[in-house]
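Peer 1: need coordinates for the following:
(one chain, ligands or ions: 2)
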Amino acid sequence: MDVVLTGTGSPLPDPNRAGPSTLVRAGKTCILIDAGRGVVMRMAGAGLFPSFLAAVLVTHLHSDHICALNDVITTHWVMSQGSATLTVYGPAGIAQFVERQMAALEADIGYRIEHHDQLTEGPKVDVIEIEAGDSFQVNDITVSTAPTEHSPARPTIGFRLEHEGSVAAIVGDTLPCDGVDTLASNADVYVQTVIRRDLVELVPIEMLQDILDYHSGVIEAAQTGARVGVKQIVFTHMVPAPSPDQYSEWVARAAEHFDGEIVLGEDLTTITI
Ligand SMILES: [Zn+2]
Ligand SMILES: [Zn+2]
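Peer 2: Ligands and ions are numbered 1, 2, ... in the order given. Just a heads-up that it's a prediction; the model follows:
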């Protein structure tokens, strides 16, 4: 199983970090988790296109995690020449979001159908709204879910993907909670969106202070990893985004609480388990 970071950014624009997104590949099955800004470009950087996707999983409806879903859907439609269906799993509200994206793209869809004989109808998207706790199968990858804590964004759902004994937990934006513990339990890799509380607290901007109460800090993520027996922690969606010369400090803080491997993610960082 490969875990490819197809975006390690946050809502704050960063030329080196696409919006939050992670891709899991096992055998011939590719699953995208979230679709932040620029994800299709990063997928291309990994040699992957939306037409290769077996499914998209959405953790929650914050814009930074879904703003490029329209690009994934449209590119999947065009590159598969209208022949394939894209399945999207997500929390309540994802069906309406996709429906409205399709409405926004109505003119484009009409132009392409008129212009290309192969395209006789708009994008085929099968949207499945799930509840935290549901499990399902995407080809030979087993996906289990649990509720996470990112209020007032609700519901929010984290994912655990298993394939031939390999386990990846990709939990999205969340405080430490029982759901994350369940998903990450004994995982080979635990991908956590993180902030640095000590640095955010120094910035006198109220909207930035607001993020403190619904994200895991680096130390909390490390404590979660240690508590549930994770082998490797991968940080993504870092706020504030560190420059490479700061990576070692981030890792050192986490390493005080976690003995396993700690990876500070960059776009296209790939972990093979
Ligand atoms: Zn969020
Ligand atoms: Zn986010």
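Peer 1: contacts, neighbours, all on C-alpha from now
Peer 2: OK.
Peer 1: can you get me the start-to-end distance on stretch 139-153?
Peer 2: 30 Å (CA to CA, to the nearest Å).
Peer 1: can you show me the helices along the stretch 51-200 of the chain?
Peer 2: For the stretch 51-200 of the chain, applying DSSP state H, counting those that start in this stretch gives helices covering 63-66, 69-79, 94-104, 106-115, 178-184, 197-200.
Peer 1: which residues sit against the second one?
Peer 2: What it means is helix 69-79. If you take CA atoms under 8 Å, 6 or more residues apart in numbering as the criterion, helix 69-79 is touched by 34-36, 39-40, 49-51, 83-84, 86, 98, 101-102, 122-125.
Peer 1: what sits against Phe258?
Peer 2: Counting by CA under 8 Å, 6+ apart, Phe258 touches Ala222, Gln223, Gly225, Ala226.
Peer 1: these two touch, right, the last one and Ala255?
Peer 2: Right, Ala226. No - the pair Ala226 / Ala255 is not scored as a contact, 10.1 Å apart, by CA atoms under 8 Å.
Peer 1: the helices of the stretch 51-200 of the chain: which one's closest to Gly7?
Peer 2: Taking CA to CA, helix 63-66 is the member of those nearest to Gly7, at 9.7 Å.
Peer 1: quick one: mean pLDDT over the closest one.
Peer 2: The predicted model assigns helix 63-66 a mean pLDDT of 98.
Peer 1: now that helix, how far from the chain's geometric center?
Peer 2: 9 Å (CA atoms, centre = their mean, to the nearest Å).
Peer 1: what's in contact with it?
Peer 2: Contacts for helix 63-66 (CA under 8 Å, 6+ apart): Ser10, Pro11, Gly19, Pro20, Ser21, Asp34, Ala35, Gly36, Arg37, Val58, Thr59.
Peer 1: just stretch 13-31 next, same as before
Peer 2: So stretch 13-31 is contacted by 1-11, 32-39, 42, 52-57, 64-65, 138-141, 163, 170, 236-237, 266-267 (CA under 8 Å, 6+ apart).
Peer 1: in strands, which of these appear?
Peer 2: Assigned to strands by DSSP state E, the following of those qualify: 2-7, 32-33, 53-57, 138, 141, 163, 170, 236-237.
Peer 1: Pro240 reaches Arg197, doesn't it?
Peer 2: No - assessed by CA under 8 Å, Pro240 is found out of contact with Arg197, at 9.4 Å.
Peer 1: neighbour-wise, which of those two wins?
Peer 2: Neighbour totals were compared for Pro240 and Arg197, and Arg197 leads with 20 against 16 (other CA atoms under 10 Å).
Peer 1: contacting residues for the more buried one?
Peer 2: Per CA under 8 Å, 6+ apart, neighbours of Arg197: Leu212, Gly217, Val218.
Peer 1: now do 10 Å
Peer 2: Arg197 makes contact with Gln209, Ile211, Leu212, Asp213, His215, Ser216, Gly217, Val218, Ile219, Glu220, Val239, Pro240, according to CA atoms under 10 Å, 6 or more residues apart in numbering.
Peer 1: what separates it from Asn186, distance-wise?
Peer 2: For Arg197 relative to Asn186 (CA to CA), the value is 26 Å.
Peer 1: state the helix or strand in which Val251 lies.
Peer 2: helix 247-255 (DSSP states H and E).
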